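Q: Pasting a predicted model and its sequence here:
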Amino acid sequence: MMATTLERGARTLRYPNDIDPVLGYAPGRILTDDLMDYRSEQVAEAVLLHRYRTHGLAGIHNVMMLVDNCRVPDYFKGAEYEERYLSQKLSEERLDRLAKVHLGGDESFRTLAFNRTTAANLTVILALVRKGSVVPYLVVPYRKPGVLKGHGHPSIPRAVELAQAETRIVTTAPELRALVDAGNVSLITICASYRGILDVETLKTACELGRARGIPVFVDDASGARLRTIGERQPTAIELGADLVVTSTEKYGLTGPRAGLVVGKKTLMERIGAKSAVLGTEARPSVVASIVRCLEEFTHEGGQAVYAEWERRHQELYEVAVPVFGDRVFWKGYGGVSIMVEDIMELAM
């Protein structure tokens, strides 16, 4: 551990509240609930808008690799694309082919687009999870043992709660197997890329276990569909045996709208499609067309170029941060520079 002025002053102070296993941070007197989280987001957006009006677009620096580009492709014009259902089907035909190239899948799979990845996760879980059942959530082990077991995206456990089922966090294949052996598991959920990358053997074993037991396996590959496959050179989730996979169409190399794209077994997707019609979570024709456009524009070589630039930017940030924060800051070229939330709070304290 590098000794620094910041650390010497902060080491004796610890934030008193436990880290929430779903949120990944410790709620306190300011951020007490979802309403206060939303208000804090509105305040941040006001700062963003003020900076834009003061400095212009050059004053905004996006280091998150997230966009929200709803530009539609050239084909999306004419009277037929003003007809709601016809427009939807015309774009879905193009989408299905492109989605399977990107995520995998053959004729036994189909594609659905959702207005957000969170909406996709909610719909899949409400469609497939049995009330009162157990839903394993396989996630990357937390970097600091004893703080949290592991942490995936909150949209999965929140959706499981709405389905009136129970989420169980697991971080290893043996843990998952023991949970499945105990029975009453209706769906295996996996967050393959969030605060780290799930190793390929664990991911593959989980998919094989689900197939052997007749339990659907759903992989949240929001960023991992590119982060894992380009950064770690892992196979796609479907190649590893997943029944369903979702990715975000605005993350890590895709320049589309903030939307979710799911490819899954047709036998499961029929139930998911029916649930999406009830919930209204399906993406509208113009959003589907924007997803088509971003998939058409994406190439593996382009993805590699994005990661080379990402690595260059973050290497510079890392070199500046290390003398100040020591081993609290860590870095991996395709994953960026990170400081764990409890370390950020301790430094603030």
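A: Structure's in. What do you need?
Q: just the helices in this structure please.
A: 5-10, 34-55, 84-103, 117-128, 155-162, 173-181, 200-213, 224-226, 266-279, 285-297, 300-325, 341-348 (DSSP state H).
Q: Just name the most buried of those helices.
A: Highest mean neighbour count among the helices of the chain (mean count of other CB atoms under 10 Å): helix 224-226, with a mean of 28. Placement of C-beta: from N, CA and C, glycine included.
Q: How about residues contacting it?
A: For helix 224-226, contacts defined as CB atoms under 8 Å, 6 or more residues apart in numbering pick out 102-103, 192-193, 197-198, 236-237, 245, 247, 251-254, 303.
Q: Return the subset of those residues lying in strands.
A: Judged by DSSP state E, these include 245, 247 as members of strands.
Q: Quick one: end-to-end distance for stretch 21-35.
A: 19 Å (CA to CA, to the nearest Å).
Q: Please read the previous query as pertaining to stretch 123-136.
A: 17 Å.
Q: how far away is the spatially most central residue of the chain from V288?
A: Per CA atoms, centre = their mean, the C-alpha nearest to the average position across the chain is that of A222, at 3.5 Å. Separation of A222 from V288 (CB to CB, to the nearest Å): 18 Å.
Q: In this structure the residue nearest to the centre of the chain contacts T117, no?
A: Yes: using CB atoms under 8 Å, A222 is in contact with T117, at 5.1 Å.
Q: Can you pull the residues that touch both of these two?
A: 246-248, 260.
Q: Near K77, how many other residues are there?
A: Number of residues near K77 (other CB atoms under 10 Å) recorded here: 11.
Q: still on that earlier bit, and which of the shared contacts of A222 and T117 is nearest to I188?
A: When the shared contacts of A222 and T117 are ranked by distance to I188 (CB to CB), V246 comes first, at 14.2 Å.
Q: So what's the residue count around the closest one?
A: By other CB under 10 Å, 27 other residues sit near V246.
Q: can you pull up the bridge partners for it?
A: As for beta bridges, V246 partners with D220, V262 under DSSP bridges.
Q: ok, now which ones touch it?
A: By CB under 8 Å, 6+ apart, the contact list for V246 reads 114, 117, 120-121, 124, 218-222, 260-262.
Q: Let me have those residues in TSV, extended by pLDDT and distance to S155.
A: Below are the contacts of V246 laid out as TSV (pLDDT from 0 to 100; distance: CB to CB, whole Å):
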residue	pLDDT	distance to S155
F114	98	11
T117	97	7
A120	98	9
N121	98	4
V124	98	10
F218	98	12
V219	98	14
D220	97	8
D221	96	13
A222	93	9
G260	97	10
L261	98	15
V262	98	13
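Q: between those residues, which is closest to G183?
A: For these, the nearest to G183 is F218 (19.1 Å; CB to CB).
Q: ok, now how distant is that closest one from L86?
A: 31 Å.
Q: Can you check what pLDDT the model gives R226?
A: You'll see R226 listed with a pLDDT of 92.
Q: Run through the residues that contact the residue nearest to G303 when sequence neighbours are not counted.
A: With sequence-adjacent residues excluded and distances taken as CB to CB, 6 or more residues apart in numbering, G303 is closest to G253, at 4.2 Å. When contacts are counted by CB under 8 Å, 6+ apart, G253 touches 65, 226, 230, 298, 302-303, 306-307.
Q: Same question for N115.
A: Neighbour list for N115: 259-260, 281-284, 287 [criterion: CB under 8 Å, 6+ apart].
Q: Could I get those residues in CSV, plus columns for distance to P73?
A: Formatted as CSV, the contacts of N115 follow (distance: CB to CB, whole Å):
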residue, distance to P73
A259, 15
G260, 19
T281, 23
E282, 19
A283, 15
R284, 15
V287, 12
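Q: Which ones among those residues map onto strands?
A: Reading strands off the contacts of N115 with DSSP E, I get G260.
Q: Now, of the contacts of N115, which are buried?
A: Buried subset of those (neighbour count, 16 or more other CB atoms under 10 Å): 259-260, 281-283, 287.
Q: Let me have these in a markdown table, extended by distance to A274.
A: A markdown table is the format used below for the buried ones among the contacts of N115 (distance: CB to CB, whole Å):
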| residue | distance to A274 |
| --- | --- |
| A259 | 20 |
| G260 | 17 |
| T281 | 12 |
| E282 | 11 |
| A283 | 16 |
| V287 | 20 |
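Q: okay, now the domains of the protein?
A: The chain resolves into domains spanning 1-30+302-349, 33-61, 79-297 when parsed by automatic domain parsing.
Q: quick revisit: pick the one among the contacts of N115 closest to G326.
A: G260 (37.8 Å).
Q: Most widely separated two among the contacts of N115?
A: G260 and R284 (13.2 Å).
Q: okay, now S108: neighbour count?
A: 9.
Q: hang on, it packs against K265?
A: Yes: S108 is within contact range of K265, at 6.2 Å (criterion: CB under 8 Å).
Q: re the thing from before, could you dump the shared contacts of A222 and T117 into CSV and include distance to L162?
A: Converted to CSV, the shared contacts of A222 and T117 look like this (distance: CB to CB, whole Å):
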residue, distance to L162
V246, 17
T247, 22
S248, 21
G260, 17
